[in-house]
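Novice: Sequence unavailable; structure follows:
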């Protein structure tokens, strides 16, 4: 049987006149960190809720581990929603144990896992404190711990770093990386492109309910990179027929951004430099930041709508 | 452990360990019990003091013989059967009657507060029946003592008028004609049997006690449910819980756990203050069938009411608004209590039967009917069937509204918004 953790096939969902999801398809594989991207109101949360069977789609099909959603799948999927909280007046340890038990752990295992996760997040001494006594950042770490406590096969994390200081964010990054390295699947819904670039192998970008970008992150970046290279060499780039324009003077001892013609490649340009006996000290492709790709694609999608 | 039981255990433990719950369970009954006891002691003391102050009589008609009157009164009290003395209120102790020769002396004693009341029998009393009464203004709370004094004076006059014309036994019969009543009633097979509880309060008190206890448990638990639902919403836990449990499991778990908290509160109230031993014993006079039916109607009422409370907790924009809305449900569910006299007088009448077949009023009405009389089995079957259908609908509705509430996060809970998300959920 196909054990693909999540498969979404041509799913559509409409709220009155608003199209929340329009023919969206995706597959999320075991052990990968998958990025779910999109501007506010694009349909990310609706997509997650349909995956979790909180909302029924109007059309299309969703498979969890190769079949339609079953109640027991709730124990295999952990979810950290964007709007989240914990019982503020209850003890940290008790809340985590309770949520662990609700996700299928025995009392003893839930207790042991609670201790493990609290230690992992540097909150070992917080077990007996009330949740409301912790800082907002530490409560955020607790919520991540609560999601991962039962070690679900799929963890869906909606903006996991919001409210975290850089040190805590680094800890959470490491936790997510380790979690995926252990064979579990992580779905990250976030606006933090740095996090996506650091952790995700594949992404889906939704805009206006439609999938506008989907696939391997490296391929996407390559496809959307500008035809530019950053070069430090002895050559005069204006003489090259492959070059469209140059930012600044050539050969001034500093790297220069060289924009190539659309039909030219960076490999051809490097070959030209070598053929003209240029001494090349530095040569790198200029990649477009993911954020620029995101903004560009979303703007084009808006025009199309 | 089953997820419903896990949720139930969590809700129960987190509720009963809260300071507000502990205060409500322990401190409130002690406080109210103390106040009631204090008021009772004060009232008793006042009554006792009032009973010690004599009543003055000015007998201008010369019909009284106070010594003979006292003798007749004590003979009546000695010979009376308990059945003839049955009543709902405790009688005040008799006050001494003192005869004054003239009105001025009696009024002087009244002014000096050495007597509580002055009764003056007019000289032509035998012909006219005229009696004047003088008192100090003691307010509405002295009415019971005044009535008792008046009855004592009437007894004394009757004894005085009858003594010269009747023989001893005839005098006793005319003086107190119904002091030796023996009560019997027909049992289920139509045969007469002695009435062991002449007030009729015992079995009714038992059934009524069960009804009141269960109704209290419903209202207590329902209050916890509104609170718990609002807290879940405010602490933004619902969507997290929905990733682990089905909405129906969440609703059922809350209902079971908080019913436990409500029943525990009632049990502690019973044990601490509210139900004295005699009433508790009266509860055990209720037949097992009636007790079982009471429990069934309690369960129906509780689940129905609990679901409504959850709806309220979810729909209200603030906890105050939810509290106000839940008061409406409470009024509706408790409305049969306003008709308790009518339902008790005609337990199988049209009003009783109508209220029995309306889901929200049915449980409390049936509890009252069961406490008052034997209810036709068809009525019981129909009302239970209606209750079960209503419970199914209410549970599904509560699960749906929980789901909708999760979807509504971050949105203002206006009525159109709620309807919109209920359609989607």
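Specialist: Yep, that arrived. A quick note: this is a predicted structure, and the numbers were derived from the prediction, not measured. Residues are numbered from 1 along each chain as shown, chains lettered A, B, ... in the order given.

Novice: Would you mind listing the residues in contact with the residue nearest to the spatial centre of chain A?
Specialist: The C-alpha lying nearest the average C-alpha coordinate of chain A belongs to residue A:35 (CA atoms, centre = their mean; 2.7 Å). Contact partners of residue A:35, counting by CB atoms under 8 Å, 6 or more residues apart in numbering or on different chains, are A:188, A:189, A:190, A:196, A:199, A:200, A:202, A:203, A:204, A:217. All C-beta atoms are positioned from the backbone trio N, CA, C, and that covers glycine.

Novice: Could you check which helix or strand contains it?
Specialist: Per DSSP states H and E, residue A:35 falls inside strand A:33-37.

Novice: Can you report how many residues lie near residue 296?
Specialist: Going with chain A. Residues within reach of residue A:296, counting by other CB atoms under 10 Å in any protein chain shown, total 12.

Novice: wait, I meant chain B there
Specialist: 18.

Novice: could you give the mean pLDDT of the helix or strand following the strand holding residue A:35?
Specialist: Note on strand A:33-37: by DSSP H and E, the next helix or strand toward the C-terminus is helix A:44-51. Taken as a whole, helix A:44-51 has an average pLDDT of 91.

Novice: Report whether helix A:44-51 contacts chain B.
Specialist: Yes. Using CB under 8 Å from any CB of the partner chain, helix A:44-51 reaches chain B at residue A:49.

Novice: What is that helix packed up against?
Specialist: strand A:6-15, strand A:18-28, strand A:33-37, strand A:59-64, strand A:154-158, strand A:185-189 (3 or more CB pairs under 8 Å, 6 or more residues apart in numbering or on different chains; DSSP states H and E).

Novice: Which stretch among these is buried most, on average?
Specialist: For these, the largest average neighbour count (mean count of other CB atoms under 10 Å in any protein chain shown) is found in strand A:33-37, namely a mean of 26.

Novice: how far does it sit from the chain's center?
Specialist: 3 Å (CA atoms, centre = their mean, to the nearest Å).

Novice: tell me the mean pLDDT for it?
Specialist: Here the average pLDDT along strand A:33-37 is 93.

Novice: Let me know the angle separating it from strand A:154-158.
Specialist: 30 degrees (axes from the mean of the first three to the mean of the last three CA atoms, to 10 degrees).

Novice: Strand A:33-37 pairs with which strands?
Specialist: Paired neighbours of strand A:33-37 in the sheet (DSSP bridges): strand A:185-189 (parallel), strand A:202-207 (parallel).

Novice: can you tell me the average pLDDT over the very next helix or strand once past the longest one?
Specialist: Translated: strand A:202-207. The element immediately downstream of strand A:202-207 (helix or strand, assigned by DSSP H and E) is strand A:210-216. What strand A:210-216 shows for mean pLDDT is 90.

Novice: Same question for stretch A:291-304.
Specialist: Rounded mean pLDDT across stretch A:291-304 is 77.

Novice: Give me the contact list for it.
Specialist: A:37-39, A:193, A:205, A:207-208, A:210, A:212-213, A:220-221, A:224.

Novice: If we use 10 Å, what do you get?
Specialist: Residues outside stretch A:291-304 that contact it (CB atoms under 10 Å, 6 or more residues apart in numbering or on different chains): A:37-39, A:42, A:191-194, A:196-197, A:203, A:205-208, A:210-213, A:217, A:220-221, A:223-226, A:287-289.

Novice: Over to stretch A:114-122?
Specialist: Looking at what lies outside stretch A:114-122 - CB under 10 Å, 6+ apart - the contacts are A:92-100, A:105, A:123-127, A:138, A:140-142, A:144-149, A:151, A:167-168, A:171-172, A:174-175, A:178.

Novice: Please tell me how far the closest residue to residue B:237 other than its chain neighbours sits from residue B:262.
Specialist: Nearest non-adjacent residue to residue B:237, counting by CB to CB, 6 or more residues apart in numbering or on different chains: residue A:85, 5.8 Å away. For residue A:85, the distance to residue B:262 equals 26 Å [CB to CB, to the nearest Å].

Novice: Of these two, which one has the most company?
Specialist: Between residue A:85 and residue B:262, counted using other CB under 10 Å, the more crowded position is residue B:262 (24 against 18).

Novice: host element of the more buried one?
Specialist: Applying DSSP H and E, one finds residue B:262 within helix B:247-272.

Novice: Now that helix: buried residues?
Specialist: Neighbour counts over helix B:247-272 (16 or more other CB atoms under 10 Å in any protein chain shown) mark B:247-266, B:269-270 as buried.

Novice: Is any residue of that helix near chain A?
Specialist: Yes. Using CB under 10 Å from any CB of the partner chain as the criterion, contacts between helix B:247-272 and chain A involve B:247, B:249, B:250, B:253.

Novice: Check stretch B:10-26 too.
Specialist: Yes. Stretch B:10-26 reaches chain A (CB under 10 Å from any CB) through B:10, B:13, B:14, B:17, B:18, B:19.

Novice: Nearest to chain A among those residues?
Specialist: Nearest to chain A out of the residues of stretch B:10-26 next to chain A is residue B:10 (CB to the nearest CB; 5.3 Å).

Novice: Using the three-state scheme, assign that closest one.
Specialist: What DSSP: H, G, I helix; E, B strand; the rest coil gives for residue B:10 is helix.

Novice: now the stretch 1-150 of chain A, which segments are flagged as low pLDDT?
Specialist: Per-residue confidence for the stretch 1-150 of chain A (pLDDT under 70) gives these ranges: A:1-2.

Novice: quick revisit: how far does the helix holding residue B:262 sit from its chain's centre?
Specialist: 23 Å.

Novice: Tell me which stretches of the stretch 1-150 of chain B form strands.
Specialist: Ranges of strands in the stretch 1-150 of chain B, per DSSP state E, counting those that start in this stretch, are B:55-59, B:97-100, B:117-121, B:131-135.

Novice: can I get those in a markdown table with mean neighbour count and distance to chain A?
Specialist: Output for those, formatted as a markdown table (neighbours: other CB atoms under 10 Å in any protein chain shown; distance: least, CB to the nearest CB, whole Å):
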| stretch | mean neighbour count | distance to chain A |
| --- | --- | --- |
| strand B:55-59 | 23 | 63 |
| strand B:97-100 | 17 | 67 |
| strand B:117-121 | 23 | 61 |
| strand B:131-135 | 14 | 60 |
